[in-house]
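1. Here is a sequence with its predicted model. Questions after.
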Amino acid sequence: MSNYKHGIRTSRQATQLATPVTSDGCLQCIIGTAPVNLAADPYDTVNKPFVAYKKADAISALGYSDDFKNYTLCQSVYATFDVFGVAPIVLINVLDPKKHVSVELSKTFDVVGGTAKVTETGILMDKLSVSDETGGTSYKADEDYIASFNSDGTVSIAIVATGAAKSAKKVKVTYVQIDPSKVTYQDVIGSYDVSSKKKTGMELIGNIYPKYGIVPSLLLAPGWSHIPAVNLALNAKANLISSLFTAKVVSDIDTDAEKAESADEVKEFKDKSGYSDRNTIPTWPLVGVGDYVYYFSAQLAASLQYLAANNSGVPSRSPSNKDLKITGTYNKAGDEIILDMDEANDYCNACGVVTAINMNGWKAWGNNTAAYPSSTDPIDRWINIVTIFDYIENNFKLSFFQNVDDLTNYRLIDEVVSGFNIQLNGLQGSDDIAGGEIVFDHEENPIANILGGHIKFHTRIGGYVPAEDIENVFEFDPTITQAALEGGAE
């Protein structure tokens, strides 16, 4: 990081009150793979951020398939648009149709009713060619046949009645398929190529605000973030986006064998895999809806965005004990996982992992970030406190970036203090925070700093922590019984 300070910054101070040890505001940015052969332009889909305000946008830009295992971006497209009905989201696809492809294949298919159905998916239409059964005669696209995708991603080849293939009973089809198995976690993490000056994978997160003017506040890579290296890379990006903003990472704990396939293995995997940052919201296990099984991070991130959207865009509510749109939870082997409340508390919540329980319907269960139990400071521990602080800090930067390089005079100081206190008062009035105040403290601004172009403001915020443990003490009071009996006597 540069040592020369020119811009606008925020920093955090540890909570002064010792805490007893007890056991628009959420815009998703998703990195992964998509069935780009189904996109409007397959070769214009790689390593660039797309903003989707509706499912049709995502389908046009990157394609869509319910093969969630191979096409991981589709998990979030489904959870966001089909399940929770919120928008927008930012999608970054790393599957390259020039690089991640299979070898060319040729297969013969029967022509039935004037149509041959190619029962393969992932086909790049511009790499498809059709000939007679022997391969000796090549047919011309749009003149002898018309190829189109079916809803399941396979291809239908309609024979033109006036073309050269009109009498064909069989056709030989030669094609190339995209191959998502060739995508690696290094592709997801990405890099910066010094020679070409191009960014890939997560490196593109910093391009979102300059290009679209929106701030990604939830980073996730369902299908990849259970790999510790991916989670750590996401956290590195979340700490500073576009040199200005901070975000949260919604990630997954690996449910594979010898990882955390059962709840009692969650803590060990989390601890040894580096899931420990205040910006991380780890989830476990997988979730399912009918025949669909996908990563919990896609569901929880969509839920967080939904909660914020229904609270005027302010992410101050905890996702815990809120409805999940699922029908079950599973590990990678497909074993159903059902946790009672004690198991969910002791094996997941106690080590800073969000899970799911079925209490007259499935609920997200857990308020802690990955920083817990190492940190019990509210500014690090509670999901809703972390998200509201990020939201307020990012809004401060967005609101007052225009004041960078203004003259350091009373007018500037008053504009920042008065303007930001109005924002904080509004959040207090809507019960999103308990209260807050920004001040310009002269003791924190010695003249040497001011003459060096550096001024510092100090903001104190009180937030509402979740009522995680509600207790009601019941006792038997014989005097009430006695009074009732005596009152009933004649």
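-> Yep, that arrived. Source: prediction; values computed, not measured.

2. Tell me where the chain has helices.
-> In the chain, the segments counted as helices under DSSP state H are 55-62, 73-77, 185-189, 208-212, 228-238, 266-272, 296-309, 341-343, 378-381, 383-400, 410-429, 447-451, 478-488.

3. Could you pull up the contacting residues of Leu128?
-> Ala147, Val155, Val173, Thr174, Tyr175, Val176 (C-beta atoms under 8 Å, 6 or more residues apart in numbering). In this view, the C-beta of every residue, glycine as well, is placed from N, C-alpha and C.

4. Please state the offset of the helix or strand bottoming out on mean pLDDT in the chain from the chain centre?
-> The helix or strand of the chain with the poorest confidence is helix 478-488; it has a mean of 89 (mean pLDDT, DSSP states H and E). Relative to its parent chain, helix 478-488 has a centroid offset of 59 Å by C-alpha atoms, centre = their mean, to the nearest Å.

5. Also stretch 338-351?
-> 23 Å.

6. Stretch 327-342 too?
-> Distance, stretch centre to chain centre, for stretch 327-342: 21 Å (C-alpha atoms, centre = their mean).

7. With stretch 122-140 instead?
-> That offset, for stretch 122-140, works out to 40 Å (C-alpha atoms, centre = their mean).

8. List the buried residues of it.
-> Applying a neighbour-count criterion of 16 or more other C-beta atoms under 10 Å, one finds Gly122, Ile123, Leu124, Lys127, Leu128, Ser129, Val130, Ser131, Asp132, Tyr139 buried in stretch 122-140.

9. And these, which is closest to Ala356?
-> Of all those, Ala356 sits closest to Gly122, with 32.1 Å by C-beta to C-beta.

10. Apart from its chain neighbours, what residue comes closest to the closest one?
-> Leaving aside its sequence neighbours, Gly122 sits nearest to Gln177 (C-beta to C-beta, 6 or more residues apart in numbering; 3.9 Å).

11. Any figure for the gap between the one you found and Lys107?
-> In this view, Gln177 and Lys107 are 11 Å apart by C-beta to C-beta, to the nearest Å.

12. shared neighbours of these two, anything?
-> Counting by C-beta under 8 Å, 6+ apart, the residues touching both Gln177 and Lys107 are Glu120.

13. what about those two, which has more around it?
-> Neighbour totals were compared for Gln177 and Lys107, and Gln177 leads with 19 against 12 (other C-beta atoms under 10 Å).

14. Please determine how far the more buried one is located from Glu104.
-> 9 Å.

15. Same question for Thr481.
-> Applying C-beta to C-beta to Thr481 and Glu104 gives a distance of 87 Å.

16. again with Lys48
-> 27 Å.

17. Between these two, which is the more surrounded one?
-> With neighbours defined as other C-beta under 10 Å, Lys48 and Glu104 compare such that Lys48 has more, 16 against 11.

18. Any idea how many residues pack against the residue lying closest to that one once chain neighbours are set aside?
-> Excluding the flanking residues, the one nearest Lys48 by C-beta to C-beta, 6+ apart is Leu204, at 6.7 Å. When neighbours are counted by other C-beta under 10 Å, Leu204 registers 22.

19. just Val230 next, same as before
-> So Val230, with other C-beta under 10 Å, has 23 neighbours.

20. Next up, the contacts around it.
-> Tyr185, Val188, Ile189, Ala221, Trp224, Ser251 are the contacts of Val230 under C-beta under 8 Å, 6+ apart.

21. repeat for Glu343
-> Listed by C-beta under 8 Å, 6+ apart, the contact partners of Glu343 are Ala263.

22. how close does it sit to Trp284?
-> Distance from Glu343 to Trp284, by C-beta to C-beta: 12 Å.

23. Please enumerate the shared neighbours of these two.
-> Ala263.

24. Max pairwise distance over the buried residues of stretch 122-140: which two?
-> Gly122 and Asp132, at 24.8 Å, using C-beta to C-beta across the buried residues of stretch 122-140.

25. which of the residues in stretch 437-453 are buried?
-> For stretch 437-453, burial by neighbour count (16+ other C-beta under 10 Å) applies to Ile438, Phe440, Asn445.

26. Repeat that for stretch 353-370.
-> Buried residues in stretch 353-370 (16+ other C-beta under 10 Å): 353-358, 362-370.

27. okay, how far is it across that stretch, tip to tip?
-> Across stretch 353-370, the terminal residues are separated by 6 Å (C-alpha to C-alpha, to the nearest Å).

28. check contacts around Ala79.
-> Contacts for Ala79 (C-beta under 8 Å, 6+ apart) come out as Tyr294, Ala298, Gln299, Ala301, Ala302, Lys325.

29. Relative to Gly313, how far out is the fifth one?
-> Distance, Ala302 to Gly313, using C-beta to C-beta: 15 Å.

30. what about those two, which has more around it?
-> Taking other C-beta under 10 Å, Ala302 and Gly313 do not tie; Ala302 has more neighbours (30 against 13).

31. pretty sure the more buried one contacts Phe84?
-> Yes - assessed by C-beta atoms under 8 Å, Ala302 is found in contact with Phe84 at 4.5 Å.

32. For the stretch 301-450 of the chain, give me the ranges with low pLDDT.
-> The stretch 301-450 of the chain contains no residues with pLDDT under 70.
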